[in-house]
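*Asks:* Show me the folded form of this:
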Amino acid sequence: MSPVPASSTTTPLAPYRHIVLFRFEADATPTSKADALTAFRALVSELSSLVLTYEEGTNVSDEGLDDGLTHIFFMSFADAAAFQVYKVHPMHVAFVKSLAGVVAKATVVDWTASPTTT
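*Replies:* Numbers count the residues shown, from 1 in each chain. As a prediction, this is how the structure comes out:
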């Protein structure tokens, strides 16, 4: 398979993907968890010009490999540049800071999707 040209990473066929997984603090209250989820949704809504798609869910795997991570957030951006704008946006920075004491662990995985051919 030949490498994908860098320029193709900015096409709709190759968006930038961002996955975030949370493990909440053991003593996080249901209200503090709900508040964190509401804040994440509000962040995405406010920055909807940058976020192409957003999905969230809770872990339902029975494989026992989740390391206690319970909540999954999947986002797509047009390209890495759009993600960088999101990442340093004051609303995002404030959101991340607001998770202190509520989220015990956040795991983040990003990648540029490879274009597919049919």
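*Asks:* any low-confidence regions in the chain?
*Replies:* Flagging of the chain using pLDDT under 70 yields the residue ranges 1-14, 115-118.
*Asks:* Can you tell me which helices and strands the longest helix belonging to it packs against?
*Replies:* Using DSSP state H, we find that the single longest helix of the chain is helix 30-46. If you count contacts as 3 or more Cβ pairs under 8 Å, 6 or more residues apart in numbering; DSSP states H and E, helix 30-46 packs onto strand 16-24, strand 51-58, strand 71-77, helix 90-98. For the C-beta atoms, the positions are set from N, CA and C on the backbone; glycine is no exception.
*Asks:* For the last one, list every residue counted as buried.
*Replies:* The one in question is helix 90-98. 92, 95 (16 or more other Cβ atoms under 10 Å).
*Asks:* now the angle from it to strand 16-24?
*Replies:* Counting by axes from the mean of the first three to the mean of the last three Cα atoms, to 10 degrees, helix 90-98 lies at 30 degrees to strand 16-24.
*Asks:* Distance from helix 90-98 to the middle of the chain?
*Replies:* 13 Å (Cα atoms, centre = their mean, to the nearest Å).
*Asks:* Next secondary structure after that helix?
*Replies:* For helix 90-98, the following helix or strand on the C-terminal side (DSSP states H and E) is strand 103-112.
*Asks:* List of residues touching that following strand?
*Replies:* Residues from elsewhere that reach strand 103-112, judged by Cβ atoms under 8 Å, 6 or more residues apart in numbering: 9, 14-26, 28, 36, 67-69, 79-80, 83, 99.
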